[in-house]
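K.L.:
What follows is a predicted protein model with its sequence.
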Amino acid sequence: MIALFPASSTLETGRIVVSMLKIYFRYLFLRLLIPFAICLAAGTMICVMADLYGNINNFLDGKASVGLILWFYTLQVPIMLVQMLPAVMLFSALWTLLGLNRRSELVAFQSGGMSPMLLFSPFFLFAAVWVLIYAYDLSGPAAQAQVTKERILQEIKGHGDRNNTFHSLPYVDNINHRIWFFQTLDVASGKAKDVEILVRDTDGKDLKKYFAHEAHWNGKVWKLSGVRIITYGPTDTSVKDFEQIDTDITTPPRQLSLIVSEPPQLTVPQLSQYINTSTSTPEHLASYRTEWWYRVLHPLSLVVLLLFALLNGMHTDRRGAATGVAWTIAVLVLYTFSTATLMPFGQHNRMPPFVAAIATEVIFGAIGLHLLALKYGWYWQMRNWGKSPKSRKA
């Protein structure tokens, strides 16, 4: 059989196609990056002005310097990303598509035989990159920024020690089978007063109990001063007093303070640690489990909202474009309302935490995919792909 095209010609055609796709991806990335940067900057300014309006009296009363205020808001960038990144992705993608349509570029791409899926692929790839960034931000930096924000505000108000000192603090460590009680614990300095530590075996039987007037964390282990140790033996109990001892207990102060931390103040590893070691009731742990699932699943919101930008940004006429913008704003409002409504059900143990965290993504994701499939005939394409070769020819 004689080949219709030489192998070299086919190879050269493939190279040309790959080169054109690279140019297309690079062009779309740059077109999307500029609106994204503008929306990100605008969203940051709005967040700063809203927060400044609420804290201006605290800054003035505490005589905070301009440098401290600028540093305060620089540290809040991870929190601002959490608040505005889904909306920024939605409106920057919509802005890009409407700009391409205004110059009939999308029509030209489609006239050249480019399918909608290939046309949208740079948007999905761009969203995937930011999903990873968003997931990292939610896993730790945003929670740490929240704690830093509260600490700096307390320092400006003159109450800098309140966030670091805890009183009458109990802590149950199920992994190491210990129960702690601190009359006073200063997390910042690693010092505590009037400490009790009960050590148990895997069956819950008491083995040893420490009483200490003072305790100090040296970065590796706890050092106790003014100590009485009660050892529970199989037949008798022994009591020994020490002026000072170094223990083998390596639980850091920050971990001990998790029990009094609110879920938004904890990183994902801290949430996991608290959920796995806490003996609290399911009602109390529900808010921590819901927060954990929210941090893990909420980055998907960037892709979910992108679907509606792709759906509403393909209008070529001005009236259709205005309608698309209005529908996009309505979708964002409904999405935010749905998340704000369902999350409390999980936090108060009225709904499984996983369901409360993922329900909004599933509902809006399914609606967006369905509408896109109807608009671009993907259902018919999948139906045609499912047919046998003979039925296709017929």
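P.N.:
It's in. Numbers count the residues shown, from 1 in each chain.
K.L.:
Poorly predicted segments of the stretch 1-150 of the chain, please.
P.N.:
1-22, 110-114 (pLDDT under 70).
K.L.:
redo that, cut-off 80
P.N.:
Confidence mapping of the stretch 1-150 of the chain against pLDDT under 80 gives the ranges 1-27, 101-118, 147, 150.
K.L.:
ok, which stretches of it are strands?
P.N.:
For the stretch 1-150 of the chain, none of the segments meets the definition of strands by DSSP state E, counting those that start in this stretch.
K.L.:
Likewise for the stretch 151-300 of the chain?
P.N.:
165-173, 178-186, 191-200, 206-217, 222-232, 237-246.
K.L.:
Please work out how many residues are found near S287.
P.N.:
S287 is surrounded by 19 other residues when neighbours are defined as other Cβ atoms under 10 Å. In short, each C-beta sits where N, CA and C put it, glycine included.
K.L.:
likewise L138?
P.N.:
Residues near L138, counting by other Cβ under 10 Å: 23.
K.L.:
Wait, it touches V268, no?
P.N.:
Yes. When contacts are counted by Cβ atoms under 8 Å, L138 is listed as touching V268 (7.4 Å).
K.L.:
Find residues that contact each of these two.
P.N.:
Contact criterion Cβ atoms under 8 Å, 6 or more residues apart in numbering; residues bridging L138 and V268 by contacting each: R295, V296.
K.L.:
Turn the strands of the stretch 151-300 of the chain into a markdown table, including distance to I46, mean neighbour count and mean pLDDT.
P.N.:
Putting these into a markdown table (distance: least, Cβ to Cβ, whole Å; neighbours: other Cβ atoms under 10 Å; pLDDT from 0 to 100) gives the following:
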| stretch | distance to I46 | mean neighbour count | mean pLDDT |
| --- | --- | --- | --- |
| strand 165-173 | 35 | 16 | 72 |
| strand 178-186 | 38 | 18 | 81 |
| strand 191-200 | 42 | 19 | 87 |
| strand 206-217 | 42 | 18 | 89 |
| strand 222-232 | 46 | 18 | 88 |
| strand 237-246 | 53 | 11 | 87 |
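K.L.:
mind listing the helices for the chain?
P.N.:
The residue ranges that make up the helices of the chain, judged by DSSP state H, are 7-61, 66-74, 77-102, 105-111, 116-139, 141-156, 253-256, 268-277, 282-297, 301-312, 318-347, 353-376, 378-385, 389-393.
K.L.:
okay if I get the strands of the stretch 151-300 of the chain as a markdown table plus distance to V82?
P.N.:
As requested, those are exported to a markdown table (distance: least, Cβ to Cβ, whole Å):
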| stretch | distance to V82 |
| --- | --- |
| strand 165-173 | 27 |
| strand 178-186 | 29 |
| strand 191-200 | 33 |
| strand 206-217 | 31 |
| strand 222-232 | 35 |
| strand 237-246 | 42 |
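K.L.:
wait, which of those strands is closest to G368?
P.N.:
Minimum separation from G368 across those (Cβ to Cβ) falls at strand 165-173, 44.2 Å.
K.L.:
So which of the helices of the chain is nearest D206?
P.N.:
When those are compared by Cβ to Cβ, helix 268-277 sits nearest D206, at 19.0 Å.
K.L.:
circling back: return the most buried member of the helices of the chain.
P.N.:
Neighbour counts averaged per stretch over these are highest for helix 301-312, at a mean of 24; criterion: mean count of other Cβ atoms under 10 Å.
K.L.:
Contacts made by that one with the rest, please.
P.N.:
Contact with helix 301-312 is made by 85-87, 89-91, 93-94, 97, 120, 123-124, 127-128, 130-131, 134, 323-325, 327-328, 331-332, 335, 360-361, 364-365, 368-369, 371-372, 375, as judged by Cβ under 8 Å, 6+ apart.
K.L.:
contacting residues for H298?
P.N.:
When contacts are counted by Cβ under 8 Å, 6+ apart, H298 is found next to Y134, L138, A357, E361.
K.L.:
tell me the domain ranges of the chain?
P.N.:
The chain resolves into domains spanning 11-140+290-385, 165-260 when parsed by automatic domain parsing.
K.L.:
okay if I get those domains as JSON lines plus distance to N276?
P.N.:
Output for the domains of the chain, formatted as JSON lines (distance: least, Cβ to Cβ, whole Å):
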{"stretch": "domain 11-140+290-385", "distance to N276": "11"}
{"stretch": "domain 165-260", "distance to N276": "7"}
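K.L.:
about what we covered before: could you dump the contacts of H298 into TSV with distance to K240 added?
P.N.:
Conversion of the contacts of H298 to TSV gives the following (distance: Cβ to Cβ, whole Å):
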residue	distance to K240
Y134	54
L138	48
A357	50
E361	58
